[in-house]
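Colleague: Let me see the structure of the following:
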Amino acid sequence: MLEEVERWLATRSWSVTDRPLHSLLAAKRASNRTVSVVLPALNEEETVGDIVAVIRHDLMHQAPLVDEIVVVDSGSTDRTSQVAAAAGARVVHRDDILPRIPALPGKGEVLWRSLLVTTGDIVCFVDADLREFSSDFVSGIVGPLLTDPDVDLVKAMYDRPLGGAAGQGGRVTELMARPLLNLHWPQLAGFVQPLGGEYAARRTLLEQLPFPVGYGVELGMLVDALHLVGLDALAQVDVGVRRHRHQDGQALGRMAAAIYRTAQLRLARGHLVRPALTQFERGTDGFEPRTYAVDTEERPPMAQVAEYATRRVA
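Modeller: Residues are numbered from 1 along each chain as shown. Model (predicted):
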């Protein structure tokens, strides 16, 4: 590990207990910063309501840390929108945001568009499939952005149990993302959960970053933020344990391919063929191939979008 990363781990890795809630509220009042929480959601009726309810109770009613909760529904066929709205979130459909540009499928697309329908100086992203959710996930990662003006982006770090086994979650992280970061961007080797969906950042940073539309968004954002603001502007906070729905092996394969492609584009911005990933499933006549396109599209920095610029002026 680089000496720079060892120093970073000692100075930019914290616990949620390092910043009590009362100190965050004082820092928020002093800085006059506002906080938006965004939940990208696709068929998450079982969990999204509980997450919204916990945030509203703990961080809006009991302690006014969060100013708005926005659930961006990316095409759910279940009751995700209704459940989220009933719990107190403002629900916006992905396709209703920036309709001039047809929406593409993918998590990164939703996060990118969310910048147009939120107002917070600090934007906090939280996956909508978390179970046994704690508001520490929000206060923990928002905290350094309120108390440390030199910090621009904060990732949550946590244990990820899988089937009762501690530390066995995050398979794509260990098999794809961590090797890529250690080999090509060793300054980022200190992130415990580089692909985690819980992170917060200053709007002034997010609006300058391109957004891969799919699963590569978290890796792309880390790499691009490193180049834009430097390692010391990045941080991580231990928030405990993350429990969520786990993907099957083939879904993880598609996720890994998208993440590799995101890294590939950042290593060599050239004329690359549009990749595909072929996987196999056993059918009536033996193994049958299934071929999927790998996410390659990226959205430009939001600061370059006319509608966003117009909104800021207004």
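Colleague: Where does I101 sit: helix, strand or coil?
Modeller: coil (DSSP: H, G, I helix; E, B strand; the rest coil).
Colleague: Look up how far V305 lies from it.
Modeller: Separation of I101 from V305 (C-beta to C-beta, to the nearest Å): 8 Å. In short, each C-beta sits where N, CA and C put it, glycine included.
Colleague: who's more crowded, the two?
Modeller: Remark: of I101 and V305, V305 carries more neighbours, 20 against 13, as counted by other C-beta atoms under 10 Å.
Colleague: Thought L98 was touching the more buried one, still the case?
Modeller: Yes - with contact defined as C-beta atoms under 8 Å, V305 counts as touching L98 (7.2 Å).
Colleague: Identify the contacts common to those two.
Modeller: Residues touching both V305 and L98 (C-beta atoms under 8 Å, 6 or more residues apart in numbering): L116.
Colleague: Can you tell me the closest non-neighbouring residue to L234?
Modeller: L153 (5.2 Å; C-beta to C-beta, 6 or more residues apart in numbering).
Colleague: Likewise for G106?
Modeller: According to C-beta to C-beta, 6+ apart, the nearest residue to G106 is G214 (3.6 Å).
Colleague: which SS class is that neighbour?
Modeller: Using three-state DSSP, the structure places G214 in coil.
Colleague: Next up, the contacts around it.
Modeller: Listed by C-beta under 8 Å, 6+ apart, the contact partners of G214 are P105, G106, K107, G108, E109, A258, D295, E297.
Colleague: Next one: it relative to R100, how far apart?
Modeller: For G214 relative to R100 (C-beta to C-beta), the value is 21 Å.
Colleague: quick one: G108 and I259 touch, right?
Modeller: No - G108 sits out of contact with I259 when judged by C-beta under 8 Å, with a separation of 11.2 Å.
Colleague: For the stretch 201-314 of the chain, just list every one of the strands.
Modeller: Taking DSSP state E, counting those that start in this stretch as the criterion, the stretch 201-314 of the chain contains strands spanning 211-212, 234-241, 243-244, 276-283, 286-293, 298-299.
Colleague: Any chance of CSV for these, columns mean pLDDT and mean neighbour count?
Modeller: Listed next are the strands of the stretch 201-314 of the chain as CSV, based on pLDDT from 0 to 100; neighbours: other C-beta atoms under 10 Å:
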stretch, mean pLDDT, mean neighbour count
strand 211-212, 95, 28
strand 234-241, 94, 22
strand 243-244, 70, 17
strand 276-283, 74, 11
strand 286-293, 76, 11
strand 298-299, 90, 22
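Colleague: right, so of the ones you listed, which gets closest to V142?
Modeller: Evaluated with C-beta to C-beta, those place strand 234-241 nearest to V142, the distance being 9.2 Å.
Colleague: Export the closest one to PDB, keeping only CA atoms.
Modeller: Listed next in PDB are the C-alpha coordinates belonging to strand 234-241 (Å, rounded to 0.1, in the frame of the first residue of the first chain):
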ATOM      1  CA  LEU A 234     -12.300  11.900  -0.300                       C
ATOM      2  CA  ALA A 235     -13.200  10.100   2.900                       C
ATOM      3  CA  GLN A 236     -15.100   7.100   4.300                       C
ATOM      4  CA  VAL A 237     -17.100   6.400   7.500                       C
ATOM      5  CA  ASP A 238     -17.800   3.200   9.300                       C
ATOM      6  CA  VAL A 239     -21.600   2.800   9.700                       C
ATOM      7  CA  GLY A 240     -21.800  -0.800  10.900                       C
ATOM      8  CA  VAL A 241     -23.500  -3.500   9.000                       C
END
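Colleague: Which strands and helices lie in contact with it?
Modeller: helix 3-12, strand 13-15, helix 136-147, strand 153-159, helix 217-229 (3 or more C-beta pairs under 8 Å, 6 or more residues apart in numbering; DSSP states H and E).
Colleague: can you rerun that using 10 Å?
Modeller: Judged by 3 or more C-beta pairs under 10 Å, 6 or more residues apart in numbering; DSSP states H and E, strand 234-241 is in contact with helix 3-12, strand 13-15, helix 136-147, strand 153-159, strand 199-202, helix 217-229.
Colleague: Of the contacts of G214, which is the most crowded?
Modeller: Neighbour counts for the contacts of G214 peak at A258, which has 30 neighbours (criterion: other C-beta under 10 Å).
Colleague: hang on, isn't that one packed against A276?
Modeller: No - using C-beta atoms under 10 Å, A258 is not in contact with A276; the gap is 11.6 Å.
Colleague: before we move on, back to that, so which of the contacts of G214 is the closest to D224?
Modeller: Using C-beta to C-beta, G108 is the member of the contacts of G214 that sits closest to D224, with 12.0 Å.
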